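> what's the 3D shape of this:
(one chain, ligands or ions: 1)
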Amino acid sequence: MSPPHEVGAPDQYGLVGHPVAHSWSPFIHGMFAKAAAQNLIYRLFDIPPDDFRRETLRLMTGGIRGLNVTLPHKQAAAELVNELTPRAARAGAVNTIAFFENTTLLGDNTDGVGLIADLERNLGIDLADKRVLILGAGGAARGAVGPLLERELRSLTVANRTPFKARKLAAEFADMGPIAGCTFADVAGPPFDLIVNATSASLQGEMPALPDDLVSESTICYDMAYGRGDTPFTRWAASRHARRTSKGWGMLVEQAAESFLLWRGIRPGTEPVLAALAQIE
Ligand code: NDP
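Coordinates of the predicted model:
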């Protein structure tokens, strides 16, 4: 009789954030791992801001091979790692850390490419020459601005509750294209082609107060937030007769596929995961 097939301990990955309990990342990476025949486990780590640096380093020295990073830690993660990919350096925000055996901590940002993949590939949106409004100037917006400007937009407006952060973000990316930062009340019409909600207001059941004339029947409204049912942002968009509203499931899956590629050298197909999540919705 042949000996039982030896299977080594699974490689460990996970997500750090605060909160993380709502995350679908373990489900997504579990499906990717199965499809790509990769022996790994993916866990959630709820770490408050004051403990982020110490606990993340502890996880890395404890054998974790890679981490995703979610709110509110993306900018702190950019300061923690000792190497950044060019897109993460540009964003000043990290959503993926890879830990290499030579003790390099590499920080990447896959949020922007994930958003673009969802908008273009999954939703069929051509971004060239479009007027785009992004709400929020936190880690997710930081990752999205560069890849959006690479699409030769007509203009990109960044609006944020704390206007200083929107103006700072716009100034950092001004060399890449027409971008301006302002507060929510100062966003000026005419209606935009695309409005992306990159605030975490939906998570608190809130919707930023915006001027009335920003949405027309040709405006597409995209909430990076995801979850079952409507969000305050998608309700707001529907009440203004937006052409289409979408939530961030596709971005979530596409950015996860890019993280998986960094960690495992394989970009898994996203269609089966998108189909499974559509069943949950
Ligand atoms: P951050 O904590 O880095 O930034 C939060 C942003 O939201 C800031 O601009 C903040 O403004 C703003 N904000 C928070 N609360 C309110 C409110 N009540 N009203 C108006 N603005 C508010 O978070 P992230 O950038 O990492 O994440 C933002 C959102 O994007 C979250 O919902 C997250 O789940 C989602 N996301 C989705 C992804 C996906 O793959 N689908 C990937 C990444 C993020 P201020 O600067 O004034 O504090």
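> show me the contacts for the spatially closest residue to residue 112 that is not a sequence neighbour.
Leaving aside its chain neighbours, residue 112 sits nearest to residue 147 (3.5 Å; criterion: CB to CB, 6 or more residues apart in numbering). Using the backbone N, CA and C atoms, a C-beta is placed for each residue, glycine as well. Residue 147 makes contact with 87, 112, 113, 115, 116 under the criterion CB atoms under 8 Å, 6 or more residues apart in numbering.
> To which secondary structure element is the second one assigned?
It refers to residue 112. Secondary structure assignment for residue 112, by DSSP states H and E: helix 111-117.
> That helix near the ligand anywhere?
Yes. Interface with the ligand: helix 111-117 contributes 111, 114 (CB under 6 Å from any ligand atom).
> average model confidence for that helix?
Across helix 111-117, pLDDT averages out at 97.
> After it, which helix or strand is next?
strand 131-135.
> Report whether that next one contacts the ligand.
No. Figure legend: strand 131-135 not in contact with the ligand (CB under 6 Å from any ligand atom); closest approach 7.2 Å.
> which residues touch that strand?
Residues contacting strand 131-135 (CB under 8 Å, 6+ apart): 141, 144-145, 148, 153-160, 184, 187, 190, 192-199, 208, 210, 214, 233.
> Which members of those residues are classed as buried?
For these, a neighbour count by 16 or more other CB atoms under 10 Å gives the buried set as 141, 144-145, 148, 153, 155-160, 184, 187, 192-199, 208, 210, 214, 233.
> Can you list which of those are found in helices?
Within the buried ones among the contacts of strand 131-135, residues falling in helices by DSSP state H are 141, 144, 145, 148, 233.
> from the residues you listed, which is closest to the ligand?
Proximity of these to the ligand (CB to the nearest ligand atom) peaks at residue 141, which lies at 5.8 Å.
> Spit out the contact partners of that closest one.
Per CB under 8 Å, 6+ apart, neighbours of residue 141: 134, 158, 160, 169, 198.
> out of the ones in helices among the buried ones among the contacts of strand 131-135, who's nearest residue 9?
Lowest distance from residue 9 to those (CB to CB) belongs to residue 144, with 36.4 Å.
> Confirm for me that that closest one is in contact with residue 115.
Yes. Counting by CB atoms under 8 Å, residue 144 does reach residue 115; the two are 5.1 Å apart.
> one step back: how close does the residue nearest to residue 112 sit to residue 122?
15 Å (CB to CB, to the nearest Å).
> Could you do residue 88 as well?
In terms of CB to CB, residue 88 sits 23 Å off from residue 122.
> now residue 167
Residue 167 is 32 Å from residue 122, by CB to CB.
> thinking again about what came up before, who has more neighbours out of residue 88 and residue 122?
residue 88 (28 against 17; other CB atoms under 10 Å).
> and the more buried one, what element?
With DSSP H and E as criterion, residue 88 is part of helix 86-91.
> partners of the very next helix or strand once past that helix, with directions?
Per DSSP H and E, the first helix or strand lying C-terminal to helix 86-91 is strand 96-99. Strand 96-99 has its sheet partners listed here by DSSP bridges as strand 64-69 (antiparallel), strand 105-108 (antiparallel).
> Tell me how many other residues surround the residue found closest to residue 268 once you drop the neighbours it is linked to in the chain.
Nearest non-adjacent residue to residue 268, counting by CB to CB, 6+ apart: residue 32, 4.0 Å away. Other residues lying near residue 32 total 26 when counted by other CB under 10 Å.
> still on that earlier bit, where do the contact lists of residue 144 and residue 115 overlap?
What both residue 144 and residue 115 touch, as defined by CB under 8 Å, 6+ apart, is the set residue 196.
> So residue 37: helix, strand or coil?
What DSSP: H, G, I helix; E, B strand; the rest coil gives for residue 37 is coil.
> on that earlier part again, tell me which of the contacts of residue 147 is nearest to the ligand?
The nearest one, if we look at the contacts of residue 147 relative to the ligand and count by CB to the nearest ligand atom, is residue 115, at 7.4 Å.
> So that closest one sits against residue 251, correct?
Yes. Using CB under 8 Å, residue 115 is in contact with residue 251, at 4.7 Å.
> Can you list the low-confidence ranges for the chain?
1-6 (pLDDT under 70).
> Enumerate the residues of it near the ligand.
So the chain meets the ligand at 71-72, 74, 111, 114, 136-141, 160-162, 165, 198-204, 206, 208, 224-226, 248, 251-252, 255 (CB under 6 Å from any ligand atom).
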